[in-house]
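[1] Here you go, sequence then predicted model.
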Amino acid sequence: MFELPELPYAANALEPVISARTMAFHHGKHHAGYVRALNALITAPARAQMRLEEIISEAAAAKETKLLNNAAQCWNHSFFWTSMATGPAQPSSALKIAIDAAFGDIAALSERFSQAGVGHFGSGWVWLATDRSGALEVIATHDAANLLASKDMTPLLVCDLWEHAYYLDHQNSRAGFLDAWFGALPDWAFASAQFEAASSGATGWRHPPPVQ
Ligand SMILES: [Fe+2]
């Protein structure tokens, strides 16, 4: 079974962009609910020891939609918490060069990221990702979908576009949330490590394994 991962910072650490109250609902209720639903769906002994990435792949191949959605939402939320930080950080020089090549500069990337999130209809996620050649892209995915099905793409950052991520703090202003989020919360040290992993053919971040 999977456990709800602990947040890597205090619940109020991401204020004012993400309040402790939002965090209490988002991590303590929404994410916890996905973990509970996932555990209820992986009772088969053959799946008890599987990594979450393998479960997602198997559920996608078998078209087990309920399992796929809950497993992917667990993966996405854990990656989301991990890709945010409280302290200042800058992209590595290699990542900075890739950002400049793809978007012009980091301000232009911020604008692209916000536009992709605002223009995305309904719930989902907006990702900064790289392919194996180091070319960056901003990609929005619907509902629980992520980039695991695309073996060539490695995510560097993600922001949650579901209303539960921002409604208490920013009401209906997804644009306000995304602008504030990109300006304050990306963990550039983590994003740079993901970029480095993708460039060297390594796996990068994986979800914490199941526990007994
Ligand atoms: Fe969420």
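    Nice, thanks for sending it over. Model, not experiment: these values are computed from the prediction. Numbering: from 1, shown residues only.
[2] What are the contacting residues of the helix of greatest length in the chain?
    Counting residues, the longest helix in the chain under DSSP state H turns out to be helix 65-82. Residues outside helix 65-82 that contact it (C-beta atoms under 8 Å, 6 or more residues apart in numbering) are 2, 5, 7-8, 26-27, 30-31, 34-35, 37-38, 41-42, 52-53, 55-56, 59-60, 125, 143-146, 148, 155, 158-160, 187, 190, 205, 207-208. All C-beta atoms are positioned from the backbone trio N, CA, C, and that covers glycine.
[3] again, only using 7 Å
    By C-beta atoms under 7 Å, 6 or more residues apart in numbering, the surrounding residues in contact with helix 65-82 are 2, 5, 7-8, 31, 34-35, 37-38, 41, 52, 55-56, 59-60, 125, 143-146, 155, 158, 160, 190, 205, 207.
[4] From Ala32, how far off is the residue at the greatest distance from the centre of the chain?
    No residue in the chain sits farther from the centre than Pro45, which is 28.4 Å out by C-alpha atoms, centre = their mean. In this view, Pro45 and Ala32 are 24 Å apart by C-beta to C-beta, to the nearest Å.
[5] ok, back up a step: and the contacts of helix 65-82, which are buried?
    Neighbour-count burial (16 or more other C-beta atoms under 10 Å) is assigned, among the contacts of helix 65-82, to 2, 5, 7, 31, 34-35, 37-38, 41, 52, 55-56, 59-60, 125, 144-146, 155, 158, 160, 190, 205, 207.
[6] just those residues that are near the ion?
    Asp160 (C-beta under 5 Å from the ion).
[7] After the helix or strand of the chain with the lowest mean pLDDT, which helix or strand is next?
    For the chain, counting by mean pLDDT, DSSP states H and E, helix 45-48 ranks last in confidence among helices and strands (a mean of 86). Later in the chain than helix 45-48, the nearest helix or strand by DSSP states H and E is helix 52-61.
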